[in-house]
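1. Dropping the sequence and predicted coords here.
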There are 2 protein chains.
Amino acid sequence: MNTPLQNDLYLRALACEDVERTPVWVMRQAGRYLPEYLRVRKQAGDFMTLCSTPELACEVTLQPLDRFPLDAAILFSDILTIPDAMGLGLYFAAGEGPKFKNPVRTAADIKALPVIDPADKLRYVTDAVSLIRRELNGRVPLIGFSGSPWTLATYMIEGGGSKDFAKAKGMIFSDPDTLHTLLDKNAKSVIAYLNAQVEAGAQALMIFDTWGGVLSPENYRNFSLQYMAQIVDGLKREADGRKVPVVLFTKNGGRWLSDIADTGCDGLGVDWTTDLKDARTLCGDRVALQGNLDPCVLYGSDENIRSEVKKVLDSFGKGPGHVFNLGHGIHQFVNPDKLAVMVEAVKEFSSKRIDQAH
Amino acid sequence: MNTPLQNDLYLRALACEDVERTPVWVMRQAGRYLPEYLRVRKQAGDFMTLCSTPELACEVTLQPLDRFPLDAAILFSDILTIPDAMGLGLYFAAGEGPKFKNPVRTAADIKALPVIDPADKLRYVTDAVSLIRRELNGRVPLIGFSGSPWTLATYMIEGGGSKDFAKAKGMIFSDPDTLHTLLDKNAKSVIAYLNAQVEAGAQALMIFDTWGGVLSPENYRNFSLQYMAQIVDGLKREADGRKVPVVLFTKNGGRWLSDIADTGCDGLGVDWTTDLKDARTLCGDRVALQGNLDPCVLYGSDENIRSEVKKVLDSFGKGPGHVFNLGHGIHQFVNPDKLAVMVEAVKEFSSKRIDQAH
């Protein structure tokens, strides 16, 4: 039995319940901008060792919470653990980002791929979740996550990152049936993976659709959104007698927020290219919104950071359903003190806002 | 005195006049996917020699017109000629894209930058325009172009391409006044540059705002759109007794199309992430629309290419004001025969469409 939550602001905001101030966490809050992270990263040797050693993954997950008064923790892991477990051979080339030794390019490659049983190949992740949950000891909720089926597919087909997604998007037009087979396997694997994270102790889930925004509206619906909807339908949505909220985030997906909300998810990640005011108009009160400060704001002066935080809070406006975050991950070369200014400003201005409303 | 135009479909479509079929051209239609281009590129030695030798720039500009029945030619050049002329030292590192030897990072760097006089430093471009116009001999109109002030600024500040634009976007929040100084110098230089292209024979102009879409709505207006509006206001809009239309293209700028149309430009470039139908709803009849087939469609079968072309034409619907194009540049590894299928399909289906309407 886990300790009861001492701070459930994040879960209440995602449930669109009244909160005394806007909760805040930060995508990639555990990461390279923190000197204490770099120390553990160096100790681990390579990145996958860090991800696959529960004690180390737990240590870096908790680091930002010890430095900043954040309202949620997020599992430290990589979005590409699933294709790695499928046998694609994930590795990280220095300065080049993630790569696969065995990309999938043909119908035969994709037919041969297994749907992943996380109890078999991804125990290192669920072990990390259990350990983090225990070490958190109820301070804040723990978010589990996965990449979206489409986003995983882009890396699996391209063999790594891409500028134009020629191979992955090319398959939409050259062999859509094979691509659907891959996306269905990814979706089933993500469902099993996220449900295993919930069983291990994750109290909220987030799906990162980093590359859904490179598709046309029609192809977004058919090749990305459809499979995220399949996942939302297949997830365990309750644990410890409490709802496990699911947040979907399609970067550059601002025009499709209403369609994303139609999946029945609890929250939407919004990047800074869409005003939260417009996002709210599009979605109504069906979902909570997470976002959306431009990560580059953290290169500004303290005073500018404070005024940009205020703009984001004002753009969302009054009423429940806002989780403050950056619109994408924090950058590697940001001074951590700047993040402290941001977090402090969110707390100060959102508390004031509610005071004034009373 | 130049020969009268034999094919002015492109100019008439941009003027929203009735046309017998939808005109078509392709961004980067002169380029690496063509073996005849690669031959000249190799002969030139390096890319900048190709751009700065009018005879070679003319030769590659005309190559796609000899292969495909396209309705416009576009000057072969690079968007970064202006910062190069300002002294930043443009070079191309193999496989890494454009780089600058002397990026601008400080207020002093930017204060020292000149506004460019194209008669002084960019004669190689206007000489190429004059030569191409003469060699075209009235077959189709010639499009001149420039990068947008913001897009130029990103490369000038970053020193090359970027994934997150930390330095360029960081300046928005750390030193906006200095950034405005840079953008104003860029805008003034672009005005002089494009007017010189018109004087040399360009019959239409296009401004590529490749990176406007990475900004928030507010910062897009203040740091990109404002300066494109300044350019539209400063351009000579007539030559040879005919209007010189201006097309603005912000990649990933679909939500801001109506604001872009407010600049008074004649046409909007639209990428594939926005349906032309929605773009038309946003903009009404104020502007023509250029686009928007996903370049990855050209990896598909001939039959799929034809059906995707039809979808784009149907999405625009009936009435004047459409110039068919890809939603971004053609990819390097596309088979040129696939482009022939696309061009043929545009002609076939758009002629039929008009027949049916009669």
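-> Received, thanks.
2. Grab the nearest non-local neighbour of A:D294.
-> Of all residues not flanking A:D294 in the chain, A:W272 sits nearest, at 4.0 Å (C-beta to C-beta, 6 or more residues apart in numbering or on different chains). (C-beta placed from N, C-alpha, C; glycine too.)
3. What distance do you get for the one you found to B:G159?
-> Relative to B:G159, A:W272 is positioned 24 Å away (C-beta to C-beta, to the nearest Å).
4. Those two: who's more crowded?
-> Comparing A:W272 with B:G159 by other C-beta atoms under 10 Å in any protein chain shown, the one with more neighbours is A:W272, at 26 against 17.
5. which ones are touching the more buried one?
-> Shown in contact with A:W272 (C-beta atoms under 8 Å, 6 or more residues apart in numbering or on different chains): A:G291, A:N292, A:L293, A:D294, A:G327, A:H328, B:S216.
6. quick one: pLDDT of it?
-> pLDDT recorded at A:W272 is 98.
7. Just the element for it, please.
-> Here A:W272 is covered by no helix or strand, with elements defined by DSSP states H and E.
8. next one: A:H328
-> Going by DSSP H and E, A:H328 is not part of any helix or strand.
9. Tell me the confidence at it?
-> pLDDT, read off for A:H328, is 97.
10. Three-state assignment for A:V247, please.
-> strand (DSSP: H, G, I helix; E, B strand; the rest coil).
11. Chain neighbours aside, what residue packs nearest to it?
-> Nearest non-adjacent residue to A:V247 (C-beta to C-beta, 6+ apart): A:G267, at 3.8 Å.
12. That neighbour contacts A:C283, correct?
-> No: between A:G267 and A:C283 there is no contact, the gap being 10.2 Å when judged by C-beta atoms under 8 Å.
13. which residues are common contacts for those two?
-> Common contact partners of A:G267 and A:C283 (C-beta under 8 Å, 6+ apart): A:L289.
14. Neighbour count: these two, which is higher?
-> Neighbours per residue (other C-beta under 10 Å) separate A:G267 from A:C283, with A:G267 holding more: 27 against 20.
15. For the more buried one, give its distance to A:C16.
-> 9 Å.
16. Residues that sit against both of those two, list them.
-> A:V287, A:A288.
17. List every C-alpha atom in stretch A:73-88, with coordinates, as PDB.
-> C-alpha atoms of stretch A:73-88 as PDB (Å, rounded to 0.1, in the frame of the first residue of the first chain):
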ATOM      1  CA  ALA A  73       7.400  13.700 -11.100                       C
ATOM      2  CA  ILE A  74       7.800  12.000 -14.500                       C
ATOM      3  CA  LEU A  75       9.500   8.700 -15.000                       C
ATOM      4  CA  PHE A  76      13.000   9.100 -16.400                       C
ATOM      5  CA  SER A  77      13.100   7.000 -19.500                       C
ATOM      6  CA  ASP A  78      13.300   7.200 -23.300                       C
ATOM      7  CA  ILE A  79      10.300   7.200 -25.700                       C
ATOM      8  CA  LEU A  80      12.000   4.400 -27.800                       C
ATOM      9  CA  THR A  81      12.100   1.600 -25.200                       C
ATOM     10  CA  ILE A  82       9.300  -0.200 -27.000                       C
ATOM     11  CA  PRO A  83      11.000  -0.500 -30.400                       C
ATOM     12  CA  ASP A  84      14.200  -1.400 -28.600                       C
ATOM     13  CA  ALA A  85      12.300  -4.200 -26.800                       C
ATOM     14  CA  MET A  86      11.000  -5.300 -30.200                       C
ATOM     15  CA  GLY A  87      14.600  -6.000 -31.300                       C
ATOM     16  CA  LEU A  88      15.500  -2.900 -33.200                       C
END
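18. The closest residue to A:G254 other than its chain neighbours: neighbour count?
-> With sequence-adjacent residues excluded and distances taken as C-beta to C-beta, 6+ apart, A:G254 is closest to A:T274, at 3.2 Å. Using other C-beta under 10 Å, the number of residues around A:T274 comes to 24.
19. How much space separates A:T274 from A:G253?
-> 9 Å.
20. Now the helix or strand hosting A:D120: buried residues?
-> Counting by DSSP H and E, the element that carries A:D120 is helix A:118-121. Buried residues in helix A:118-121, defined by neighbour count with 16 or more other C-beta atoms under 10 Å in any protein chain shown: A:P118, A:K121.
21. Give me the residues contacting the helix or strand following it.
-> Once the chain leaves helix A:118-121, the next helix or strand it forms, by DSSP H and E, is helix A:123-136. Contacts of helix A:123-136 with the rest of the structure, by C-beta under 8 Å, 6+ apart, involve A:2, A:51-55, A:57-58, A:61-62, A:65, A:73, A:75-77, A:81, A:118-119, A:142, A:144, A:193, A:196-197, A:199-203.
22. which residues in the stretch 201-350 of chain A form helices?
-> With DSSP state H, counting those that start in this stretch as the criterion, the stretch 201-350 of chain A has helices at A:217-219, A:226-234, A:257-261, A:276-283, A:302-316, A:336-357.
23. Make TSV from those and add mean pLDDT and distance to chain B to it.
-> As requested, these are exported to TSV (pLDDT from 0 to 100; distance: least, C-beta to the nearest C-beta, whole Å):
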stretch	mean pLDDT	distance to chain B
helix A:217-219	98	6
helix A:226-234	98	17
helix A:257-261	98	11
helix A:276-283	97	8
helix A:302-316	98	5
helix A:336-357	86	10
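24. Reformat these into TSV and put distance to B:Y220 next to each item.
-> Output for the helices of the stretch 201-350 of chain A, formatted as TSV (distance: least, C-beta to C-beta, whole Å):
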stretch	distance to B:Y220
helix A:217-219	21
helix A:226-234	28
helix A:257-261	18
helix A:276-283	13
helix A:302-316	14
helix A:336-357	22
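25. how about those, which one is nearest B:D259?
-> Nearest to B:D259 among those is helix A:276-283; the distance by C-beta to C-beta comes to 13.2 Å.
26. Fine by me, we can end here.
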